[in-house]
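Peer 1: From the sequence below, what's the structure:
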Amino acid sequence: MKHEPRHAVTKPSRGKFAAKSLAAAAAISLPLFGFAAPANAAPDSTWDQLAECESGGDWSIDTGNGYQGGLQFHPQTWQAHGGSGSAADASREEQIAVAENVLDSQGWGAWPSCSQQIGASGSAEPQEQPMEQQQAPEQQQAPVEEQQVEQPAEQPAEQPVEKQQPVEQPTQAAPKVAASGETYTVQSGDTLNKIATEQGVDGGWRALYELNTDQISDPTLIFPGQELAL
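Peer 2: Residues are numbered from 1 along each chain as shown. All right, here's what the predicted structure looks like:
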């Protein structure tokens, strides 16, 4: 849950008024140097619920499965949307700021399973681009799998308690499927999960990825104009 500090309201003295006014002015200018708030910003409580579903609420988790942090970012998605270093080393506030950018560009489909579980919905708003300008390829975040976190085992009182690392669940390979013979042209703002859902691909985005490994090396990177087999 979001922690909102509560302070007793006191009447400031005249001597402190000027200092507080300067501090307020400095606070107003801070957003110019930090993350800009996206149009589709979600409340912090929603991100806390999503983190609880994705990682058990552990904002510094890194189990080595390719996804990091409380909201399970892929490193390329993290870097492409304003993150620096590793998501597991970033603060909760930094992770939420980057997640707002992902939400603004990809919608809640970037977290398909957990966003449905907590009742979050909505897609990114399309942005019009001049016809003469070439559309830049967008980096997409692959759907994030739920990370099952095992709780630390309870030890006898006379022995020190060791923090048990979360156990990574084995990932089952997607079943091989035969191509239907149909194709789909990737549009701006698409993700493999979105395409698989809209086109009714059996096996979801993993099956769609397996059908197109000859031209997709990373499921988080697809480009407008690509022809994908369905």
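Peer 1: What segments of the protein are strands?
Peer 2: Remark: strands assigned in the chain by DSSP state E are 183-185, 227-229.
Peer 1: Any chance of these in JSON lines with mean neighbour count as columns?
Peer 2: C-beta: built from backbone N, CA, C; applies to glycine. Below are the strands of the chain laid out as JSON lines (neighbours: other Cβ atoms under 10 Å):
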{"stretch": "strand 183-185", "mean neighbour count": "13"}
{"stretch": "strand 227-229", "mean neighbour count": "16"}
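Peer 1: Nearest to residue 102 among the ones you listed would be which one?
Peer 2: Ranking those by proximity to residue 102 (Cβ to Cβ) places strand 227-229 first, at 22.1 Å.
Peer 1: what mean pLDDT would you report for the closest one?
Peer 2: Average pLDDT, strand 227-229: 92.
Peer 1: what do you get for stretch 96-108?
Peer 2: The average pLDDT for stretch 96-108 rounds to 95.
Peer 1: Quick check: buried residues in stretch 64-74?
Peer 2: Neighbour counts using 16 or more other Cβ atoms under 10 Å place 67-74 of stretch 64-74 among the buried residues.
Peer 1: go on, stretch 43-61?
Peer 2: 46-61.
Peer 1: same thing with stretch 191-199?
Peer 2: Of all the residues in stretch 191-199, those buried under the rule 16+ other Cβ under 10 Å are 191-197.
Peer 1: which among those residues gets closest to residue 185?
Peer 2: Distance to residue 185, by Cβ to Cβ, is smallest for residue 195 among the buried residues of stretch 191-199, at 10.0 Å.
Peer 1: contacting residues for the closest one?
Peer 2: Residues near residue 195 by Cβ atoms under 8 Å, 6 or more residues apart in numbering: 184, 186, 201, 205, 208, 228.
Peer 1: one more time with 10 Å, if that's ok
Peer 2: 184, 186-187, 201, 205, 208, 222, 228, 230 (Cβ atoms under 10 Å, 6 or more residues apart in numbering).
Peer 1: Please tell me which one of the residues you listed counts the most neighbours.
Peer 2: Neighbour counts for those peak at residue 208, which has 26 neighbours (criterion: other Cβ atoms under 10 Å).
Peer 1: how much space is there between that one and residue 81?
Peer 2: The spacing between residue 208 and residue 81, counted by Cβ to Cβ, to the nearest Å, is 23 Å.
Peer 1: want to try CSV for the contacts of residue 195, with distance to residue 120 as columns?
Peer 2: Below are the contacts of residue 195 laid out as CSV (distance: Cβ to Cβ, whole Å):
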residue, distance to residue 120
184, 26
186, 25
187, 23
201, 23
205, 19
208, 23
222, 23
228, 27
230, 28
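Peer 1: wait, which of those residues is closest to residue 121?
Peer 2: For these, the nearest to residue 121 is residue 205 (18.1 Å; Cβ to Cβ).
Peer 1: Is the closest one in contact with residue 113, as I believe?
Peer 2: No: Residue 205 is beyond contact range of residue 113, at 11.5 Å (criterion: Cβ atoms under 10 Å).
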